[in-house]
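Novice: After the sequence you'll find the predicted model.
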Amino acid sequence: MANFSIAGEFIAEQNDSLLPELEADHEYLAMKLSRRGVDIGRLIQRAADFRVAVPSWGVGTGGTRFARFPGPAEPRNIFEKVEDCATVNDLTRLTPDISLHIPWDRPDDAGALKAFAAELGVRFDAVNSNTFQDQPDQAVSYKFGSLTHTDPAVRTHAVDHNIECIRIGQALGARALSVWIADGSNFPGQQHFRSALSRYVESMRQIYAALPEDWRLYVEHKVYEPAFYSTVIFDWGTSYLCVNELGERAYSLVDLGHHAPGANIEIVVARLIQFQKLGGFHLNDSKYGDDDLDAGSLQPYQLFLVFNELVDAEVNQVPGFDPVYMLDQSHNVTDPIESLMVSAMEAQRAYIQAHLVDRDALAEAQASNDAMAARIALKEAFRTDVSPILAMARHRMGGAIDPVAVFRASRYRSKKALERPEEAAGGAGIV
Ligand code: PSV
Ligand code: MN
């Protein structure tokens with residue numbers, strides 16, 4: 001018997017009762033936007049075209065180094081994780097791509113997994129390698145680093161793992177490899193900074209050499225953690241220098257949680273766009289560090305300002321501009337499916353709000369050094385409630401007008417609990 005999924009008819013039925021209100025809100029917003037010379041139909045189309053990938057590690061409950069509190073009916077293997085990812089997409093119509101993590105979600109049979117995903121309407125995006133943990137029976141240890149380790153045998157092991165990720169990704173139809181290393185040091189003097197970076201570039205060259213022609217390589221930087229004194233790829237500048245060394249298919253990836261508190265992430269984004277090395281994003285939100293909270297939950301204005309830079313590049317057709325969006329969050333106290341749906345919609349919201357910026361007015365304000373007018377131009381776009389645009393796009397694509405309400409009404413978790421008995425539940429990653 002086929003596993004439970006939320007049927008299109010159920011979504012349509014649930015939408016029926018909300019549609020009259022949505023149509024009224026849509027009509028009112030259309031009228032307001034037309035006063036600003038904005039065509040709501042074009043924005044609905046842009047919302048419908050927006051995509052954000054979900055992480056395979058995000059559908060299990062996350063945790064901290066203190067504890068993890070699993071929720072009901074957690075997925076126990078990668079097939080069940082794909083089912084949950086597909087559910088996020090069924091309701092939001094925003095997330096047909098899955099970003100896979102190896103080895104947490106290494107498939108035994110990549111062909112079977114690819115076919116299973118296709119049946120559920122999803123596919124595989126960037127593959128993430130993991131050289132930040134030792135695996136059972138691993139011949140060498142990453143305790144003192146991986147791609148930058150002083151011992152060539154450890155570096156070779158880490159390079160080979162990344163190449164294995166590429167091979168698995170190829171079998172799954174993926175087209176990119178994301179590399180984040182935990183390498184760094186905890187004490188002054190522990191690591192020779194320049195030598196460690198040289199070893200990194202040398203290792204990455206070997207990975208890059210194994211990259212298929214139509215693939216991209218993403219380098220993710222992170223300011224600190226797990227190394228608490230220095231991190232080899234700690235900022236966008238180091239990331240930029242490395243991807244530049246590697247070649248034209250290597251790009252920087254910006255994880256929003258990987259900067260020092262108070263960092264101006266939007267100018268980082270602008271710099272990478274300018275030098276044609278912005279590959280994509282890991283979206284999340286944070287208050288103190290790499291908290292991995294839900295995208296848009298704490299600092300929606302920052303998210304908007306990042307998208308303002310992105311939309312500016314899009315409308316100005318900056319050469320080489322083609323970033324991909326992925327969520328990278330840890331869901332510790334919410335239902336992971338609900339968090340992923342809401343976060344994907346928050347990214348889409350920021351994207352559409354950024355499309356509402358009056359770019360002529362902003363350019364004029366900037367040219368005349370009118371700081372107040374510039375600020376107002378951005379705030380006017382940010383303050384516009386674009387919810388009817390997002391909901392209408394979802395509805396037209398067969399998704400839910402209110403995804404969280406439909407998810408709850410479907411009783412997905414209690415149905416899945418029957419298919420996924422708790423005694424056999426597997427662990428999810430602590431991210
Ligand atoms: C590291 O903090 C990170 O952001 C990297 O993207 C990892 O792949 C992911 O989290 C999961 O640990
Ligand atoms: Mn990340």
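Specialist: Okay, I see it. Numbers count the residues shown, from 1 in each chain. Ligands and ions are numbered 1, 2, ... in the order given.

Novice: going forward, measure contacts between C-alpha atoms and count neighbours the same way
Specialist: Will do.

Novice: Which residue comes closest to the residue at minimal distance from the centre of the chain once chain neighbours are left out?
Specialist: What sits nearest the mean C-alpha location of the chain, by CA atoms, centre = their mean, is residue 326, with 1.8 Å. Closest residue to residue 326 apart from its sequence neighbours, by CA to CA, 6 or more residues apart in numbering: residue 53 at 4.4 Å.

Novice: my guess is that neighbour contacts residue 92, does it?
Specialist: No - counting by CA atoms under 8 Å, residue 53 sits too far from residue 92 to count as a contact (11.9 Å).

Novice: picking that back up, in contact with the residue nearest to residue 326, which residues are there?
Specialist: 95, 96, 97, 98, 99, 125, 325, 326, 327 (CA atoms under 8 Å, 6 or more residues apart in numbering).

Novice: one more time with 10 Å
Specialist: 85, 89, 94-100, 122-126, 281-283, 324-328, 340, 344 (CA atoms under 10 Å, 6 or more residues apart in numbering).

Novice: Over to residue 271?
Specialist: 236, 237, 240, 265, 277, 278, 309 are the contacts of residue 271 under CA under 10 Å, 6+ apart.

Novice: ok, now how distant is it from residue 284?
Specialist: According to CA to CA, to the nearest Å, residue 271 and residue 284 sit 20 Å apart.

Novice: next one: residue 122
Specialist: As judged by CA to CA, residue 122 and residue 284 stand 22 Å apart.

Novice: and if you look at residue 65?
Specialist: From residue 65 to residue 284 the distance is 19 Å (CA to CA).

Novice: which of the two has more neighbours?
Specialist: It is residue 284, of residue 65 and residue 284, that has more neighbours when counted by other CA atoms under 10 Å, with 28 against 7.

Novice: In space, what's closest to that one - neighbours in sequence excluded?
Specialist: residue 295 (3.9 Å).

Novice: measure the one you found to residue 306 for me?
Specialist: In terms of CA to CA, residue 295 sits 12 Å off from residue 306.

Novice: Between the two, which contacts overlap?
Specialist: residue 256.

Novice: what about these two, which has more around it?
Specialist: With neighbours defined as other CA under 10 Å, residue 295 and residue 306 compare such that residue 295 has more, 27 against 22.

Novice: Can you tell me how far the more buried one is from residue 407?
Specialist: 19 Å.

Novice: again, but for residue 52
Specialist: 19 Å.

Novice: So for those two, which residue has more residues nearby?
Specialist: residue 52 (25 against 20).

Novice: how about the closest residue to the more buried one other than its chain neighbours, phi and psi?
Specialist: Distance criterion CA to CA, 6+ apart; nearest residue to residue 52, sequence neighbours excluded, is residue 325 at 4.8 Å. Phi and psi for residue 325, reported as degrees, to the nearest 10, are phi -120, psi 130.

Novice: Quick check: bridge partners of residue 325?
Specialist: Here residue 325 shows beta-bridge partners residue 281, assigned using DSSP bridges.

Novice: ok, now which ones touch it?
Specialist: Neighbour list for residue 325: 50-54, 95, 97, 253-254, 279-283, 344, 347 [criterion: CA under 10 Å, 6+ apart].

Novice: Alright, I will stop here.
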